[in-house]
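**Q** Fold the following, please.
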Amino acid sequence: MNMAPDTHSKTARRPARRIAVEEGFTLPEIWTAARRVLGGHLGEEPGEAFVFGLTAPAPRSGRAGPPPWLAVLTDLDDRRLADMDASGIDLQLLLLASPGVQIFDAGEARELAMLANDRLASAIARHPTRFAGLAAIPPQDPVFAAAELERAVRTLGLRGAVINSHTGGEYLDGERFEPILDTAERLDVPIYIHPRAPSPAMVAPYLDQGLVGAIWGYAVEVGLHALRLIFSGTLDRHPRLRLVIGHMGEGIPFFLDRIDTHHGYGGGWGHRSRPLQRRPSEYFREHFCITTSGMNWAPALRLAIDTLGIERVLFAADYPFEDTKAAVERISAFALSDSERAAIEADNASRVFRLPAVACPDIPGSRAESQDTATDGRA
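**A** Prediction:
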């Protein structure tokens, strides 16, 4: 379906920067380790094993071997930069692709998280005007994860953390993850809850029809994670916690009114839920921002803006899993004023992730900015 006609298309200018904020990378070591762990424990992570192609039926194309995006996913230099230039992306906010380090035992997860963060910081140092990043942390060891987040932010200059949703079927509302939430809140950095395959306790019906990944399961998994944080009372305990989810809010903006209504009828009460001080939608609007990753589609974008406000919607391309050039073309075709376009494509990301306003003189249309506009880190 085509984007809605842009009534501003003849006069709207390209933003000073176009920032994409859910852009994946991995390390060869992590990819190899993940296949080893999943291959040896298929029953423990059946959804992730399916996503990795270890138990999924062969694709109709008959393609074998590593997925075509793997070489791009592990490139943090020339090929990635060339793709960014060709698509009109000035800066990528990089995060470790799912399942991150969350399928490993605690010891290996600690080592791989530190390796990923050090490599990411090195890439940013090589290309400071083109890359920023989020820290990988191992929730398997919450105390270490909190310390690694602090190191990544204070020493490496990373801009927050990425959590690839559940960890062994557990979510961030669990009491043992409090050190992570405490640290993120104290550092005033966001946590990006990124998808991965649904938890082992819920994945079986998705496997039957291959609905595990981006086609449906990812949205259900992250949407559940977000709602657990609301209904558990976690956000009352952490009033300054800032969270980001992708794919146009994983369906939640569409459901906000229904969630409020049915909470009023008694929904959302479980063994681990807590009384809420406000309506569920108020927690979502205050604590969450959403990104357009893989969902740069006019009807969904219009709904998100109308429901949450333009200040809570950030552009993302979901590189290399989605077509970045198509994502840019779609957002460019959407009817926005110059100020609205600047907000979605750059200014909101600069505020939420505290990105310095550095010019990218090698990108056509990029404009130098001498001041740091990211003075307010609140989402």
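**Q** Do a quick rundown of the strands in the stretch 1-150 of the chain.
**A** Using DSSP state E, counting those that start in this stretch, the strands of the stretch 1-150 of the chain run over 19-25, 91-96, 131-133, 135-136.
**Q** nearest to residue 253, of those strands?
**A** strand 19-25 (16.5 Å; CB to CB). The way it works is simple: take the backbone N, C-alpha and C, and place the C-beta from them, glycine included.
**Q** hmm, who's touching the helix or strand of the chain with the lowest mean pLDDT?
**A** Of all helical and strand segments in the chain, the minimum by mean pLDDT, DSSP states H and E falls on helix 70-73, at a mean of 92. By CB atoms under 8 Å, 6 or more residues apart in numbering, the surrounding residues in contact with helix 70-73 are 24, 25, 26, 31, 79, 80, 83, 97, 319, 320.
**Q** one more time with 10 Å, if that's ok
**A** 23-28, 31, 66-67, 79-80, 83, 97, 319-321 (CB atoms under 10 Å, 6 or more residues apart in numbering).
**Q** can you check stretch 31-46 too?
**A** For stretch 31-46, contacts defined as CB under 10 Å, 6+ apart pick out 26-27, 48-55, 66-67, 70, 73-74, 97-105, 108-109, 111-112, 168-169, 196-200, 203-204, 206-207, 212.
**Q** The stretch 151-300 of the chain: strands as residue ranges?
**A** Counting by DSSP E, counting those that start in this stretch, the strands of the stretch 151-300 of the chain are 161-163, 191-193, 243-245, 288-291.
**Q** Point out where this structure drops to low pLDDT.
**A** Across the chain, the ranges flagged by pLDDT under 70 are 1-13, 58-65, 358-379.
**Q** Tell me who's in contact with the residue most central in space within it.
**A** Central residue of the chain (CA atoms, centre = their mean): residue 194, 4.3 Å from the mean position. Counting by CB under 10 Å, 6+ apart, residue 194 makes contact with 22, 24, 95-100, 134, 162-165, 218, 222, 225, 244-247, 293.
**Q** With mean neighbour count and distance to residue 282 as new columns, can the strands of the stretch 151-300 of the chain be given to me in TSV?
**A** Output for these, formatted as TSV (neighbours: other CB atoms under 10 Å; distance: least, CB to CB, whole Å):
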stretch	mean neighbour count	distance to residue 282
strand 161-163	27	23
strand 191-193	25	19
strand 243-245	26	14
strand 288-291	26	11
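**Q** is it possible to export these to CSV including distance to residue 275?
**A** What follows is the strands of the stretch 151-300 of the chain, written out as CSV (distance: least, CB to CB, whole Å):
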stretch, distance to residue 275
strand 161-163, 26
strand 191-193, 24
strand 243-245, 21
strand 288-291, 20
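**Q** before we move on, the earlier item: specify which member of the contacts of helix 70-73 is nearest to residue 354.
**A** residue 23 (17.4 Å).
**Q** list the contacts for that closest one?
**A** Contact analysis of residue 23 by CB under 10 Å, 6+ apart lists 73, 80, 84, 89, 91-95, 97, 131-133, 293, 316-321, 324.
**Q** Next: residue 179.
**A** By CB under 10 Å, 6+ apart, the contact set of residue 179 is 139, 141, 142, 143, 144, 145, 146, 147, 149.
**Q** For ChimeraX, write a command that selects the buried ones of the residues you listed.
**A** Entered in ChimeraX, the line below selects the buried ones among the contacts of residue 179, by 16 or more other CB atoms under 10 Å:
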select :139,141,142,144,145,146,149
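**Q** between the contacts of residue 179, which is nearest residue 251?
**A** Nearest to residue 251 among the contacts of residue 179, with distances taken as CB to CB, is residue 139, at 23.7 Å.
**Q** Would you enumerate the residues in contact with the closest one?
**A** Residue 139 neighbours (CB under 10 Å, 6+ apart): 100-102, 106, 109, 145-146, 161, 163-164, 166-168, 170-172, 174, 176-177, 179-180.
**Q** Helices along the stretch 201-350 of the chain, start to end?
**A** For the stretch 201-350 of the chain, helices defined by DSSP state H, counting those that start in this stretch occupy the ranges 204-208, 217-231, 234-237, 252-264, 280-287, 298-308, 324-333, 338-342, 348-352.
**Q** Buried deepest among the ones you listed, which one?
**A** Mean neighbours per residue, mean count of other CB atoms under 10 Å, is largest over those for helix 348-352, with a mean of 24.
**Q** who are the neighbours of it, in terms of helices and strands?
**A** strand 19-25, strand 91-96, strand 288-291, strand 313-314 (3 or more CB pairs under 10 Å, 6 or more residues apart in numbering; DSSP states H and E).
**Q** Check which helices and strands the last one sits against.
**A** Using 3+ CB pairs under 10 Å, 6+ apart, the elements in contact with strand 313-314 are strand 19-25, strand 288-291, helix 298-308, helix 348-352.
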